[in-house]
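Asks: Predicted model, plus sequence, below.
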Amino acid sequence: MSIDDFKRAAAEAALAHVRPGMKLGLGTGSTAALFVELLGEKVSQGLDVVGVPTSESTRELAERYGVPLTTLKEEPELDLTVDGADEIDPQLRLIKGGGAALLREKIVAFASKRMIVIADDSKLVETLGRFPLPIEVVPFGKETTRRAVERVARDLGLSGEIDMRRAEDACPIVTDGGHYIVDGKFGRIDRPEELAAALAAIPGVVEHGLFIGLADLALVASANGVVTIEPKGRSIPEASRRFA
Ligand SMILES: O=C[C@H](O)[C@H](O)[C@H](O)COP(=O)(O)O
């Protein structure tokens with residue numbers, strides 16, 4: 001079996017959590033794309049759901065597979081978001097944004113009563129940071145912001161390069177929100193909460209790819225099947241983002 005089979009198995013497992021009438025957040029990336037495809041099949045068989053896409057690419061996919069779409073303007077509160085991740089630690093803290101969709105992904109996950117992460121087991125880590133941390137920045141003052149990221153990381157004992165993410169033509173890649181991405185190659189992030197708070201305090205940083213206290217469940221597939229992982233010792237009370 002290949003990694004793609006594992007991704008599909010995780011996406012299939014997530015379908016079991018979808019109920020008729022649900023308002024869904026639709027994640028971005030290759031694993032979330034498989035979920036959107038499978039969801040489209042269910043919709044064609046009569047499942048009644050609506051989705052809010054977390055990127056323009058997911059919007060296109062959902063349209064192609066016939067998943068009815070809505071917006072956060074129409075539906076500010078969602079039932080469930082299903083999304084992939086670049087890294088997942090034992091507390092279900094995540095790194096996301098490898099596909100540059102982290103801002104809308106985080107807004108949509110935060111708007112959802114539950115978030116389920118779907119992944120193959122290569123995404124599981126003991127400590128976050130092997131995957132470069134994506135940080136979305138506004139174009140104005142981008143070098144000043146990049147240096148500020150470097151400084152706050154250094155203050156937390158993190159070293160490693162922080163590079164502007166560029167396309168093949170060497171131009172900075174532009175997110176759906178019109179921003180740039182810098183990737184922090186930190187290696188090992190021992191205190192993600194502190195880094196998250198420090199990054200959020202930098203003017204020019206729009207959002208960062210540390211998703212802390214957002215994921216309720218991870219469905220992780222490997223050659224042994226799909227396992228359900230729940231967060232151990234989550235550090236942010238669920239009440240902080242739950243709707244009545
Ligand atoms: O910005 C992209 C997202 O955070 C993706 O969910 C993440 O990069 C995982 O993508 P994939 O399922 O393709 O590994």
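Replies: Alright, I've got the coordinates.

Asks: Residues of the protein that sit close to the ligand?
Replies: Where the chain comes near the ligand, counting by CB under 6 Å from any ligand atom, the residues are 27-32, 83-86, 96-102, 105. Bear in mind the C-beta positions are built from the backbone N, C-alpha and C, glycine included.

Asks: His179 and Val137 touch, don't they?
Replies: Yes. His179 lies in contact with Val137 (CB atoms under 8 Å); the separation is 6.1 Å.

Asks: so what's in contact with the two at the same time?
Replies: Common contact partners of His179 and Val137 (CB atoms under 8 Å, 6 or more residues apart in numbering): Val206.

Asks: between the two, which one's more packed in?
Replies: Val137 (27 against 21; other CB atoms under 10 Å).

Asks: which residue packs closest to the more buried one, ignoring adjacent ones?
Replies: Sequence neighbours aside, Thr145 is the residue nearest to Val137 in space, at 4.6 Å (criterion: CB to CB, 6 or more residues apart in numbering).

Asks: same thing with Ala201?
Replies: Distance criterion CB to CB, 6+ apart; nearest residue to Ala201, sequence neighbours excluded, is Val152 at 7.8 Å.

Asks: tell me the SS of Leu103?
Replies: What DSSP: H, G, I helix; E, B strand; the rest coil gives for Leu103 is helix.

Asks: OK, contacts around Pro95?
Replies: One correction, residue 95 is Ile, not Pro. Residues near Ile95 by CB under 8 Å, 6+ apart: 85-87, 128-129, 131, 133-134, 209-211.

Asks: So it versus Thr127, what's the distance?
Replies: Distance of Ile95 to Thr127, computed by CB to CB, to the nearest Å: 11 Å.
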